[in-house]
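Colleague: requesting a structural model of the entry that follows:
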Amino acid sequence: MGHYDCKHCGEYGCFGSCPEGQAKEERLLKKRKEEDKINAKIALDALKEQQDANGDICVEDLSDDFELIEEGKWKQVGKYQFSESIVKHKKTGTFWSIERERSGDWYSDWYYGEATVTRVTPVVRTVQVTTWEALNE
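Modeller: Predicted coordinates:
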């Protein structure tokens, strides 16, 4: 068997497109999905442990299992304020959005609602901008 022969069928240049190679790829993909589900549950359970009696999660006080990626700024909407922070669970490598809400004011106490936790993934977007320059004719 040469360097470029398929490990499954022995054909040159197959690169796993044979039924055996495709079946192996499907098994690996299924295993990765199962591991991903397990990791997501582990991280979500760890986040739920961080909730207080009202269900709020204070991102500033998260355990060392989490890394704060983006700390949300509070945005005023009527008499409520909302923020969204992004954290990474270090042990599983999963990313999570923590949306928080509070009501009250600066002169009295804040009342925090239950935090909403959603799994997220980083997406890089490229924006193309058209500008116009004068021609020197």
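Colleague: for stretch 9-19, what is the average pLDDT?
Modeller: What stretch 9-19 shows for mean pLDDT is 71.
Colleague: do stretch 92-103 as well
Modeller: pLDDT averaged over stretch 92-103 gives 95.
Colleague: strands of the chain, residue ranges please.
Modeller: Assigned by DSSP state E, the chain shows strands spanning 66-70, 75-77, 80-89, 94-104, 110-112, 116-120.
Colleague: contacts for the first one next, please.
Modeller: Just to be clear, that refers to strand 66-70. 46-47, 50, 59-60, 62, 85-90, 95 (C-beta atoms under 8 Å, 6 or more residues apart in numbering). All C-beta atoms are positioned from the backbone trio N, CA, C, and that covers glycine.
Colleague: turn the strands of the chain into JSON lines, including mean neighbour count.
Modeller: Below are the strands of the chain laid out as JSON lines (neighbours: other C-beta atoms under 10 Å):
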{"stretch": "strand 66-70", "mean neighbour count": "14"}
{"stretch": "strand 75-77", "mean neighbour count": "9"}
{"stretch": "strand 80-89", "mean neighbour count": "18"}
{"stretch": "strand 94-104", "mean neighbour count": "18"}
{"stretch": "strand 110-112", "mean neighbour count": "14"}
{"stretch": "strand 116-120", "mean neighbour count": "14"}
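Colleague: same list, the ones you listed, but as TSV with distance to residue 34 please.
Modeller: Formatted as TSV, the strands of the chain follow (distance: least, C-beta to C-beta, whole Å):
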stretch	distance to residue 34
strand 66-70	24
strand 75-77	38
strand 80-89	18
strand 94-104	15
strand 110-112	35
strand 116-120	16
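Colleague: out of these, flag the one nearest residue 18.
Modeller: Among the strands of the chain, strand 94-104 comes nearest to residue 18, with 34.2 Å by C-beta to C-beta.
Colleague: go ahead and confirm residue 72 touches residue 87.
Modeller: No: counting by C-beta atoms under 8 Å, residue 72 stays clear of residue 87, with 10.5 Å between them.
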